[in-house]
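**Student:** Mind folding the following:
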Amino acid sequence: MIRSRLYFRLKLWLRVCRVWDWGQSKIPFYLAATLLLAPAVGVVEVVAILAMLAALASFGYGLNEIADRVSDARAGQRNLAAELAPLDRYAFPLLAGVLALALSLAGGSGFGAATLFALVCLAASTAYSVAPVRLKERGFSGLFAAAAAQWSLPVFAVGAAATPGGWRQPETVILAALGLALGLRWMAIHQAQDHWADRVAGVRTFGAMGGPLFRIIVVALAAEMVLLGWLLFVAWPVSEAAAIALPISIVVDAVLHHRGGSRRSRLQSYAAAPLASFYFLVFPAAMVLSVVVPSMGAVATALIAVVGGHGLLWLRRRNGSRRTDGLSAGSESPSGTPLERGTAFLADRQSSDGGFHVRLGPNRDLSDSKSFPCVFETAYLTNILAGLDAGGAADEIVRRARAFLRDERELSGGWRYFLRGSLIPEEVDTIACALTALEPERADDAVIERILANRGADGALRTWMVEAAHEADVRNMIDVGVNVNVYTLLRRRGLDDDLIKGCLEQSLIAKTFKEGSPYYHSPFFFLYAMAKVAGEFDPSMRERLRREVVDGVTSARRMDLLETAQACAALTLLGADPKLRDSLLDRLLPEQLSDGGWPGVAMCWGLNPERFWCGSREMTTVFCMESIALAARSEVLLASAGALEREA
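**Tutor:** Numbering: from 1, shown residues only. Got it, this is the predicted structure:
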C-alpha cells in the first residue's frame with residue numbers, strides 16, 4: 001500500500017514537471033550546446049549536465065503550474081498541479097530545486113561554478129511565477145525573466161560545468177545571447193497562443209494586455225539569425241557540420257511549409273516556426289554525429305543530420321495529425337425524441353458550476369478552436385432553453401445556469417463576456433442577455449440605466465461599456481444584433497426605447513443587416529432576433545421582416561447549420577409558409593449526432609487583432625432544438641384551429 005501511494009505520488013510529480021512540453025526542445029538544444037562548448041567532455045559529465053538542466057526545467061515548469069492553479073481553473077484550462085496535495089505543492093519544487101543544485105555540484109571542478117547559475121535560474125523561475133513578485137504579470141519583464149531562466153542561464157550553467165571558466169568564453173556568451181533571443185520568441189509565441197486563456201482568467205501577461213507580441217517575434221528572429229551565424233563562425237571548426245547543415249535545413253523547411261498557412265501564422269506557431277527544426281533536431285544531431293563519428297566528414301554529417309532530423313519531424317507530425325471524431329468510444333447514444341436527446345447532450349456538457357463553454361478559433365466551423373467558460377454563451381443558451389418549456393432535465397439545466405450567472409455578476413451589477421474579473425470589459429450584449437435570463441431584481445434598474453446611457457450619436461447603443469479614452473482599444477461600434485438583444489430585454493421588463501426601435505427599423509428598411517454586423521456575421525441572426533420581438537412593430541414592418549427571411553432562405557446563398565436553425569425558427573414565429581419551414585427541418589434533423597448534439601458552427605466573430613470565430617456545439621444544439629419545438633408547437637396550434645373550424 002505504501003509503495004503504491006509513493007508510486008502514484010512520483011507519477012503525479014512527473015506529470016506536473018510537464019516533461020513532454022520541454023523535453024523535445026530544451027534537452028536537444030542543451031545537448032547541442034554542451035557538445036559545441038566542450039566537444040571533449042565525457043559521457044558521464046554530459047549526463048550530469050543534462051540531468052541538472054532537466055531538474056531546473058522541472059522546477060520552473062512545475063512551480064508555474066502550481067502558481068497557476070486558480071487562474072487555470074477560472075479559464076477552464078487543465079492544470080496538472082490541481083491534483084497535488086497541499087504539502088506536495090511545497091515539497092515538489094523544493095525537491096526539484098535541491099536536486100538541481102546537488103547535480104550542479106556533482107561533477108568536476110567546473111560544476112562548482114555552475115551552482116551559481118543554477119541558483120540564479122531558480123530565483124528567476126520563482127520570481128516569474130510566484131507572488132508577490134510574479135513577473136509573469138509585469139509586462140515585458142515577464143518575457144525576459146522566463147527567457148533567461150529557460151534558455152540563457154542554462155547555457156551559462158553548461159559553459160561553467162563543462163570547463164573551468166567556460167562561462168566566460170566567447171562561444172558561451174554568444175550562445176547564451178542566442179538562447180535569450182530564442183526564449184523571447186518562444187515566450188511571445190506562448191503568450192500569443194494563450195492570450196485568450198490569460199484574458200479569461202484575468203492574468204495580466206504582456207500579451208493579454210495588448211503587448212506587441214508579433215513585433216517581438218520578428219525582432220527576436222532577426223537577432224537569432226545574426227547570433228547563430230556569429231556563433232557558428234566563432235566556434236569553427238567544432239561547428240563545421242552544423243554550419244553546413246543550417247542552410248540545407250532552412251531550404252528543406254521552406255519547401256515543407258510553403259503551403260502551411262500565412263507567414264504570420266507560421267511565425268506564431270511552434271511546429272512550423274522558422275529554425276525550430278534546426279535548433280531541436282538538426283543542430284543536436286549534427287553535434288552528436290560530429291563527436292561520435294568524427295571520421296564521417298562534415299558534409300556527410302550535415303546531410304545525415306538534416307535527413308534524420310526532418311524525417312523524425314515528419315513522423316511526429318504524421319502521428320499527431322490523427323484525430324478522433326470527438327465522441328467517446330463505446331458510449332451509448334441517448335434515446336428518445338430529438339428534443340430529449342438534445343437536452344441530454346446539454347446536461348452532459350454543462351459544467352459543474354452550471355455554466356457552458358464557448359469555443360474560439362480561426363475557422364467558422366470551429367476547427368482548431370479552444371474552449372473557455374463563458375457568461376454570454378450560458379445566458380443566451382439559457383434564454384432559448386427556458387422558452388421551450390421542456391420541463392424535467394431542461395428545467396434543471398436552466399436552474400443551474402441561472403445560479404452560474406448570479407455567481408458571475410460583477411460588483412457593478414453587470415457581467416463580462418467570459419467570467420467575472422476577466423480582462424474583457426463589460427459590454428451591453430452579455431449584460432442584456434444575462435438580465436433576460438434572470439428574474440428581475442431592484443438593482444437591475446441602475447444597470448439598465450447604464451446600458452441606455454451607452455449611446456452613439458444616432459441614439460443606438462454602443463457595445464462596450466468603457467470610457468471614451470479606451471473605446472479604440474475595443475472597437476466600440478454600433479451593432480444591430482446587440483441592439484435587438486437589448487430591446488428584447490427592455491420589452492421583457494415592460495420598457496421601451498424609441499431610439500433603439502428606430503435603429504432596428506432603419507436597419508431592416510435599408511437592409512444594412514445583410515452584410516452582418518461587427519459581432520454577428522450572419523444576417524440570419526438579426527432576422528431571428530427580430531422575429532422574437534416582431535409583435536412590438538407595426539404590421540408593415542412585420543411583413544417586411546417576413547419577406548426578408550423568406551428571401552434569405554430562397555436565395556442561392558448556402559446557409560450553414562446554425563443559420564438554417566435560425567431561419568427555421570424565424571419562419572415559424574412570423575407565420576410563413578409551413579412547407580418552406582419544413583424543408584429547413586428536413587436539413588436539420590439528419591444532422592443530429594449520436595450523442596444528441598448537433599455539429600458546432602460559429603455564431604459570433606471578433607477582431608483582436610485578427611479575425612476569430614466564437615460558438616459551440618451546445619449553442620448550435622439549442623437553436624436546432626428551438627426550431628423543432630416551435631415547429632411542433634405551430635403544428636399543434638394549426639391542428640387545433642382546424643378542429644375548431646370543422647366543429648363550427
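**Student:** spatially speaking, which residue is in the middle of the chain?
**Tutor:** Within the chain, one residue has its C-alpha closest to the average C-alpha position: by C-alpha atoms, centre = their mean, that is K370, at 4.1 Å.
**Student:** which residues in the chain form strands?
**Tutor:** Listed in chain order, the strands of the chain (DSSP state E) span residues 356-361, 370-374, 601-607, 611-616.
**Student:** For these, give me TSV that also has distance to L281 and mean pLDDT.
**Tutor:** Quick note: C-beta positions are derived from backbone N, CA and C, even for glycine. Written out in TSV, the entries for those read as follows (distance: least, C-beta to C-beta, whole Å; pLDDT from 0 to 100):
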stretch	distance to L281	mean pLDDT
strand 356-361	29	95
strand 370-374	27	94
strand 601-607	36	91
strand 611-616	32	93
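**Student:** Could you export those to CSV, including columns for distance to E65?
**Tutor:** What follows is the strands of the chain, written out as CSV (distance: least, C-beta to C-beta, whole Å):
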stretch, distance to E65
strand 356-361, 22
strand 370-374, 18
strand 601-607, 29
strand 611-616, 27
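**Student:** Among the ones you listed, which comes closest to S295?
**Tutor:** For the strands of the chain, distance to S295 was read as C-beta to C-beta. The smallest value, 50.2 Å, belongs to strand 370-374.
**Student:** can you list the residues that contact that closest one?
**Tutor:** Strand 370-374 is contacted from outside by 74-76, 196-197, 200, 351, 353, 355-361, 417-419, 616, using C-beta atoms under 8 Å, 6 or more residues apart in numbering.
**Student:** In PyMOL, select just the buried ones from the residues you listed.
**Tutor:** The buried subset of the contacts of strand 370-374, as determined by 16 or more other C-beta atoms under 10 Å, is captured in PyMOL by this line:
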select buried, resi 74+75+76+196+197+200+355+356+357+358+359+360+361+417+418+419+616
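**Student:** Flag every buried residue along stretch 219-236.
**Tutor:** For stretch 219-236, the neighbour count (16+ other C-beta under 10 Å) marks A220, L221, A223, E224, M225, L227, L228, W230, L231, L232, A235 as buried.
**Student:** quick revisit: can you tell me how far the residue nearest to the centre of the chain is from W598?
**Tutor:** According to C-beta to C-beta, to the nearest Å, K370 stands 20 Å off from W598.
**Student:** and what of S412?
**Tutor:** Plainly put, S412 is 36 Å away from W598 if you go by C-beta to C-beta.
**Student:** Can you pull the poorly scored residue ranges out of the stretch 501-648 of the chain?
**Tutor:** Low-confidence segments of the stretch 501-648 of the chain (pLDDT under 70): 556, 609, 635-648.
**Student:** Likewise for the chain?
**Tutor:** For the chain, the stretches with pLDDT under 70 are 1-9, 107-111, 257-262, 314, 316-334, 468-475, 556, 609, 635-648.
**Student:** Tell me where the stretch 251-400 of the chain has helices.
**Tutor:** Per DSSP state H, counting those that start in this stretch, the stretch 251-400 of the chain carries helices over the ranges 263-267, 276-277, 283-292, 298-320, 338-349, 375-387, 393-407.
**Student:** Buried deepest among those helices, which one?
**Tutor:** Using mean count of other C-beta atoms under 10 Å, the stretch among the helices of the stretch 251-400 of the chain with the greatest mean number of neighbours is helix 375-387 (a mean of 25).
**Student:** what angle sits between it and helix 393-407?
**Tutor:** Computed by axes from the mean of the first three to the mean of the last three C-alpha atoms, to 10 degrees, the angle separating helix 375-387 from helix 393-407 equals 140 degrees.
**Student:** can you list the residues that contact helix 375-387?
**Tutor:** Applying C-beta under 8 Å, 6+ apart, the contact partners of helix 375-387 are 346, 354-358, 394, 397-398, 401-402, 404-405, 408, 415-420, 429-430, 433-434, 436-437, 616, 618-619, 622-623, 625-626.
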